[in-house]
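Trainee: Make a model of this:
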Amino acid sequence: FITSNILVWNGDSRFYWLTIVAAALLSGVITVTGGNEFVGLDGRLFGTLGNANAFASLLAAGVAICLAVAVMERRSVLIRAMAVLSAAFFLYLVGRTGSRMGMLACMVAGFAVAACSQFGRKGRVLPRLVGILVVGSVLVGGSLYYFSGAEFADRLAALTMAAKGGNFSNVGDSSLSNRALLFRRALEMGLD
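Mentor: Take a look at the predicted model:
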C-alpha cells in the first residue's frame, strides 16, 4: 500500500527500481567485506538477509533491473557500464549463494530482458526474433558457463539432472523433492 502510494505520488517508478538495486548493492558490498560473517556452515553465502535463497532473490532482481537499464538506456554510456558491472557483481554473488532458484531467475531475467527489448523495437519481425535468440542465448549461455564452474555447481547440476529425469527424489537432495511436491500441490490447487 505504501509503495503504491509513493508510486502514484511520485508519478514514476524509477526510484523504486533504483532502491532495489541500491539495496542489493549495499547488501552485496556489506556481505563481501564482512568476511565469513555472512557464510553458513555449508559454505553458502547468505548475506545480510540471513538466508541464501532470500539473498539470491534480491540479487536476481538486481540482475534483472541492471540488465534492463543496460539494454534500454540510450543516453549515457556511463550508466550502461555501471549497470553491466552491477549485474556482473550480482551474478557473482548469486553463484556464491548456491541458490538454484536464484541461478535460474538470473538466466530467465537475461532472456526476458533480451526478449522485451527486442519486442519493444520497431521494424522487421525476423531480425527482431534473431536478435532475441542471439542476445538471450549469449546471456543465458554466459550465466550457465559461470554457474557450472561456480563453487556450488553441483547444486545446479542436481536440479538439471532432476529436471531431465523428471524425478526429483533420485538426486539426493531432499529440498528439490520437497519443492517439487509443493509445486505440484500448488498447481493442483490452482487447477481446482
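
Trainee: Count the residues that sit near the nearest residue to G47 once chain neighbours are set aside.
Mentor: Ranked by C-beta to C-beta, 6 or more residues apart in numbering and with sequence neighbours excluded, the top spatial neighbour of G47 is F55, at 3.5 Å. (Glycine included, C-beta is placed from N, CA and C.) By the measure other C-beta atoms under 10 Å, the count of residues near F55 is 27.

Trainee: Would you mind listing the buried residues in the helix or strand hosting F55?
Mentor: According to DSSP states H and E, F55 maps onto helix 52-72. Within helix 52-72, the residues scored as buried using 16 or more other C-beta atoms under 10 Å are 52-71.

Trainee: since we're on D12, how many residues are nearby?
Mentor: For D12, using other C-beta under 10 Å, the count is 8.

Trainee: sorry, that was for A114
Mentor: For A114, using other C-beta under 10 Å, the count is 22.

Trainee: Also A88?
Mentor: 14.

Trainee: Which secondary structure element is home to it?
Mentor: helix 77-97.

Trainee: Give me the helices and strands touching that helix, please.
Mentor: Packing partners of helix 77-97 (3 or more C-beta pairs under 8 Å, 6 or more residues apart in numbering; DSSP states H and E): helix 14-33, helix 52-72, helix 100-119, helix 125-149.

Trainee: Go through that helix and flag the buried ones.
Mentor: 80, 82-83, 86-87, 89-91, 93-97.

Trainee: swap in stretch 28-45?
Mentor: 28, 31, 38-39, 44-45.

Trainee: Looking at the residues you listed, point me to the pair that's furthest apart.
Mentor: G28 and R44 (14.9 Å; C-beta to C-beta).

Trainee: re earlier: only C-alpha atoms, please: export the helix holding F55 in CSV.
Mentor: Taking Å, rounded to 0.1, in the frame of the first residue of the first chain, the C-alpha atoms of helix 52-72 are listed here in CSV:
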residue,chain,number,x,y,z
ALA,A,52,20.9,-17.7,1.0
ASN,A,53,17.7,-18.1,-1.1
ALA,A,54,16.3,-14.7,0.0
PHE,A,55,19.6,-13.1,-0.7
ALA,A,56,19.8,-14.7,-4.1
SER,A,57,16.3,-13.4,-4.9
LEU,A,58,17.3,-9.8,-4.1
LEU,A,59,20.4,-10.2,-6.2
ALA,A,60,18.4,-11.8,-9.1
ALA,A,61,16.1,-8.8,-9.0
GLY,A,62,19.1,-6.6,-9.2
VAL,A,63,20.4,-8.6,-12.2
ALA,A,64,17.1,-8.1,-14.0
ILE,A,65,16.9,-4.4,-13.3
CYS,A,66,20.5,-3.7,-14.2
LEU,A,67,20.2,-5.7,-17.5
ALA,A,68,17.1,-3.8,-18.3
VAL,A,69,18.9,-0.5,-17.7
ALA,A,70,21.9,-1.6,-19.7
VAL,A,71,19.7,-2.5,-22.7
MET,A,72,17.2,0.3,-22.6
